[in-house]
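> could you work out the structure for the sequence below:
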Amino acid sequence: MTNFGAMDLSASGANPAGETVSSWLVKADEPTLRRYLALSEKLPVIMLISDSSEASARVRKALTEIIASGEGRLVGIDVDLETSPQLAAAVAVNQAPAALAILAGQPAPIFKGEATMQQMAEILSQVLQAAAQNGLTGRVSLGAGTEAQKPAPAEFVAAYEAIDRGDLDTAEAIFAKYLTEKPADQDAKAGLAQVKLMKRLQAPEPGEHAALFAAADQLLVGGDAAAAFKVLLDEFAVNLDARDQIRTRLLELFTLIGDSEEPVLAARRRLASLLF
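Here you go, the predicted structure:
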């Protein structure tokens, strides 16, 4: 039994956006993680970092049951530390089992090691309270959803497999080739931008503006997209010679975050004001 039933979250209402999830705790891949980061703007997302151990299996089972009892007020995503280490590295976690709560795109550790069901239920109740205080009171329902109906292109699967192997050059080449055939595909653009970011984090890029771009990357992976964009836009405002390079990098990062996200919308408005 969880203690969710004792919480008064009547203000959260129904499922206004019609969002559905295929299960209460889904397996993570790059597109799913992007979707769930967007969902975290509406309701809390619990990220489980797991591996093939029995401890992870027990935590996974208990966490799924607790999330299910939340009746759509929170969702879960399961990152496999062994097959998707880059996704765990993105949130600076290198052990399993562990869990984070993501609220409005911001991840925060909530437990490491094998917590009991009662401990997890209490922690997630606190997460729901914090979410409600910040207006993240959306809901989702359980269903197939459009994501489950539309399988990823074979090229994307190959790119993700290359990323899992640590072969970022191959992943970059796959996304780049796909974009020559379908230049308007936003998922491919985001995938390419993600791979480029991962490569830069592994080996800083050369060039006159390397320090500027590295500072923006660090802010971005730290969860502060608005600050990352500000660093670039502040330089864009005063360094006329570097405008082309900075604008190109901004557009790449916009694609990575998502054009509908508020930090991107705000940054686009400022970029337009600086240009015109």
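> show the average pLDDT along stretch 179-191.
Averaged across stretch 179-191, the pLDDT comes to 88.
> got the CA coordinates for it in CSV?
Provided in CSV are the C-alpha atoms of stretch 179-191 (Å, rounded to 0.1, in the frame of the first residue of the first chain):
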residue,chain,number,x,y,z
LEU,A,179,18.9,14.4,-43.0
THR,A,180,20.3,14.6,-46.5
GLU,A,181,17.3,12.5,-47.5
LYS,A,182,14.7,14.0,-45.1
PRO,A,183,16.1,17.5,-44.2
ALA,A,184,13.0,18.6,-42.3
ASP,A,185,12.9,15.7,-39.8
GLN,A,186,13.0,17.3,-36.4
ASP,A,187,13.8,14.0,-34.5
ALA,A,188,16.8,13.5,-36.8
LYS,A,189,18.0,17.1,-36.2
ALA,A,190,17.6,16.6,-32.5
GLY,A,191,19.5,13.3,-32.6
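> ranges for the strands of this structure?
20-21, 25-27, 45-50, 75-80, 98-103, 106-112, 141-142 (DSSP state E).
> turn those strands into CSV, columns for distance to T248 and mean neighbour count.
Just so you know, the C-beta spots here come from the backbone N, C-alpha and C atoms, and that holds for glycine as well. Supplementary listing: the strands of the chain in CSV, determined by distance: least, CB to CB, whole Å; neighbours: other CB atoms under 10 Å:
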stretch, distance to T248, mean neighbour count
strand 20-21, 35, 20
strand 25-27, 34, 18
strand 45-50, 31, 25
strand 75-80, 31, 24
strand 98-103, 29, 22
strand 106-112, 27, 15
strand 141-142, 40, 14
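> any idea which of these gets closest to I246?
I246 lies closest to strand 106-112 among the strands of the chain, at 25.6 Å (CB to CB).
> give me the mean pLDDT for that closest one.
92.
> what angle do strand 45-50 and that strand make with each other?
Taking axes from the mean of the first three to the mean of the last three CA atoms, to 10 degrees, one finds strand 106-112 and strand 45-50 inclined to each other by 50 degrees.
> what distance separates strand 106-112 from the centre of its chain?
Centre-to-centre, strand 106-112 and its host chain are 14 Å apart (CA atoms, centre = their mean, to the nearest Å).
> and that strand, C-alpha only, in PDB?
Below are the C-alpha coordinates for strand 106-112, written out as PDB (Å, rounded to 0.1, in the frame of the first residue of the first chain):
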ATOM      1  CA  GLN A 106      15.200  19.800 -13.700                       C
ATOM      2  CA  PRO A 107      16.500  16.500 -12.300                       C
ATOM      3  CA  ALA A 108      17.100  16.000  -8.600                       C
ATOM      4  CA  PRO A 109      18.300  12.700  -6.900                       C
ATOM      5  CA  ILE A 110      15.700  11.200  -4.600                       C
ATOM      6  CA  PHE A 111      17.400   7.900  -3.600                       C
ATOM      7  CA  LYS A 112      20.400   5.700  -4.200                       C
END
